[in-house]
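Peer 1: next one to model:
(one chain, ligands or ions: 1)
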Amino acid sequence: MDCDKFEQCGGCTYRHISYDAELKIKAEFVENAFRRIGNIDTPISPIIPSKFQSHYRNKAQYPVGKNSDGEVISGFYAKRSHRIVSKRDCDLQPEFFADIQQDILSFLRDNYISIYDEESHKGLIRHIYIRHAQITNEVMVCLVATSSNIPNIDALITLLTKKYNAIKSIVINLNKDKTNVILGRQCKTVFGADFITDIICDIKVKISPLSFYQVNRTQAEVLYNIAIEYADLKPTDTLIDLYCGTGTIGLCAASKVKNLVGVEIIEQAISDANENAKTNSIFNTEFICSDAGEAAKRLANEGKTPNVIIVDPPRKGLDLDVIDAIDKMSPSRLVMVSCNPTTAARDCKLLVEKGYEVKSITPVDMFPRTGHVEVVIMMTRCGSDKKNEG
Ligand code: SAH
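Peer 2: Residues are numbered from 1 along each chain as shown. As a prediction, the model looks like this:
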């Protein structure tokens with residue numbers, strides 16, 4: 001075993017078997033989901049392995065707490081629990097993340113800074129959150145705390161920025177709530193820019209603390225390219241990208257279509273998406289900050305008839321109002337990107353009942369060693385060959 005905390009930590013599931021065996025399990029899992037939950041018998045393409053199985057993540061959120069001796073520790077949550085397994089050098093993150101984590105921990109200890117306690121809901125520091133833009137090598141460090149006033153923060157800023165040239169942004173995220181959700185809604189930048197910039201599929205992408213960005217960038221390019229190939233885009237197409245985050249999938253596809261509409265619920269992600277369009281000189285776009293279902297309903301009621309819709313929902317999948325609105329807009333091609341094959345299979349079944357046909361399914365391993373697997377699905381509207389082709 002290449003991790004001494006594997007048994008306790010809730011992060012990895014498959015460190016005890018080879019990567020080939022892991023891929024086989026993941027492929028079977030996707031197959032089962034589509035056969036049993038989706039009742040769909042479309043052949044499933046071979047799973048696409050991740051080029052990197054170590055250090056592939058560009059983001060870590062380390063909970064900070066105290067051990068039974070009252071020492072400040074940080075690491076990962078134990079399986080199905082909020083007990084912190086103290087750990088440095090996690091194989092999934094870039095190696096330098098652990099150095100930054102340890103430097104912050106030393107700072108917290110040396111300055112007697114209070115640590116948040118979930119039980120009593122008292123204390124200041126909750127999480128250390130680090131993001132890395134792999135292509136530009138820019139790093140963002142974020143401290144999640146119950147107040148934006150962290151004693152001696154200037155000393156920490158000096159320490160970190162002197163030691164790590166790559167740190168371009170230091171942010172305090174304010175989270176006062178009694179909640180499992182890691183990030184609060186407010187951020188205060190205490191050093192450098194409010195964001196870092198990465199490049200994916202030749203598109204420059206602004207990454208803010210609250211915005212979603214694929215954690216395995218290299219494999220995300222593979223994922224996006226499959227989604228775009230499945231969308232079979234034409235210069236006359238109107239493309240709707242639902243759950244668009246900072247607009248990445250749509251922006252990667254925008255040069256192939258007439259116009260692009262992106263929908264996303266997080267305001268900061270939409271403002272990043274608009275900036276991303278501008279920075280990349282992409283002008284055929286519109287980004288809407290809204291719940292996907294509400295926006296889809298509105299677009300459908302306005303009589304919008306996109307030829308192609310790409311959806312990339314969170315783990316819970318599509319709400320029923322999204323499925324109804326998609327049905328109403330009646331795109332000839334529908335591409336689903338999903339990090340949860342179980343809900344994807346359920347949603348595909350509902351879409352099949354609405355008249356869609358599942359043409360292709362490709363599992364993509366975005367998260368080696370963990371229990372998660374991504375899947376991309378291509379659907380077409382039955383009898384749509386002549387209709388809606390734009
Ligand atoms: N396609 C993007 C983001 C996918 S993650 C990418 O590849 O980067 C899913 C996104 O859905 C997140 O950005 C999340 O904020 C957003 N989201 C979650 N619930 C939503 C809802 N009800 N309506 C719209 N967007 C939602």
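Peer 1: and the helices in the stretch 51-200 of the chain?
Peer 2: For the stretch 51-200 of the chain, the helices defined by DSSP state H, counting those that start in this stretch occupy 95-110, 153-163.
Peer 1: and the ones you listed: which comes nearest the ligand?
Peer 2: The ligand lies closest to helix 95-110 among the helices of the stretch 51-200 of the chain, at 20.8 Å (CB to the nearest ligand atom). In short, each C-beta sits where N, CA and C put it, glycine included.
Peer 1: for the closest one, packing partners?
Peer 2: strand 59-66, strand 72-77, strand 125-133, strand 138-145, helix 153-163 (3 or more CB pairs under 8 Å, 6 or more residues apart in numbering; DSSP states H and E).
Peer 1: ok, back up a step: now the helices of the stretch 51-200 of the chain in a markdown table, with mean pLDDT?
Peer 2: Output for the helices of the stretch 51-200 of the chain, formatted as a markdown table (pLDDT from 0 to 100):
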| stretch | mean pLDDT |
| --- | --- |
| helix 95-110 | 97 |
| helix 153-163 | 98 |
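Peer 1: pick the most buried one from these.
Peer 2: Counting by mean count of other CB atoms under 10 Å, helix 95-110 has the highest mean neighbour count of the helices of the stretch 51-200 of the chain, with a mean of 17.
Peer 1: which residues touch the helix or strand of the chain with the lowest mean pLDDT?
Peer 2: Every helix and strand of the chain was ranked by mean pLDDT, DSSP states H and E. The lowest is strand 84-86, at a mean of 85. For strand 84-86, the external contacting residues (CB atoms under 8 Å, 6 or more residues apart in numbering) are 5, 8-10, 63-65, 67, 73-78.
Peer 1: surely Leu223 meets Val376?
Peer 2: Yes: using CB atoms under 8 Å, Leu223 is in contact with Val376, at 6.5 Å.
Peer 1: quick one: end-to-end length of stretch 235-243, please.
Peer 2: 23 Å (CA to CA, to the nearest Å).
Peer 1: for stretch 5-24, same thing?
Peer 2: With CA to CA, one end of stretch 5-24 sits 24 Å from the other.
Peer 1: in it, what counts as buried?
Peer 2: Applying a neighbour-count criterion of 16 or more other CB atoms under 10 Å, one finds Lys5, Phe6, Gln8, Cys9, Gly10, Gly11, Cys12, Thr13, Tyr14, Arg15, Glu22, Leu23 buried in stretch 5-24.
Peer 1: before we move on, the earlier item: out of the helices and strands packed on helix 95-110, nearest to the ligand?
Peer 2: For the ligand, the closest of the helices and strands packed on helix 95-110 is strand 59-66, at 12.1 Å, according to CB to the nearest ligand atom.
Peer 1: the closest one packs against which elements?
Peer 2: So strand 59-66, by 3+ CB pairs under 8 Å, 6+ apart, packs with strand 72-77, strand 84-86, helix 95-110, strand 125-133.
Peer 1: so which bits of that strand are buried?
Peer 2: Lys59, Ala60, Gln61, Tyr62, Pro63, Val64, Gly65.
Peer 1: element containing the closest residue to the ligand within the chain, please.
Peer 2: In the chain, the residue that lies nearest the ligand is Gly245 (2.9 Å; CB to the nearest ligand atom). Gly245 belongs to no helix or strand when elements are defined using DSSP states H and E.
Peer 1: is the closest residue to it other than its chain neighbours in a helix, a strand, or coil?
Peer 2: Closest residue to Gly245 apart from its sequence neighbours, by CB to CB, 6 or more residues apart in numbering: Phe212 at 4.1 Å. Under DSSP: H, G, I helix; E, B strand; the rest coil, Phe212 falls in the coil class.
Peer 1: so Phe212 versus Ala325, what's the distance?
Peer 2: Between Phe212 and Ala325 the distance, using CB to CB, to the nearest Å, works out to 22 Å.
Peer 1: who's more crowded, the two?
Peer 2: Neighbour tally, Phe212 and Ala325, criterion other CB atoms under 10 Å: the higher count belongs to Ala325, 24 against 20.
Peer 1: in three-state terms, label the more buried one for me.
Peer 2: helix.
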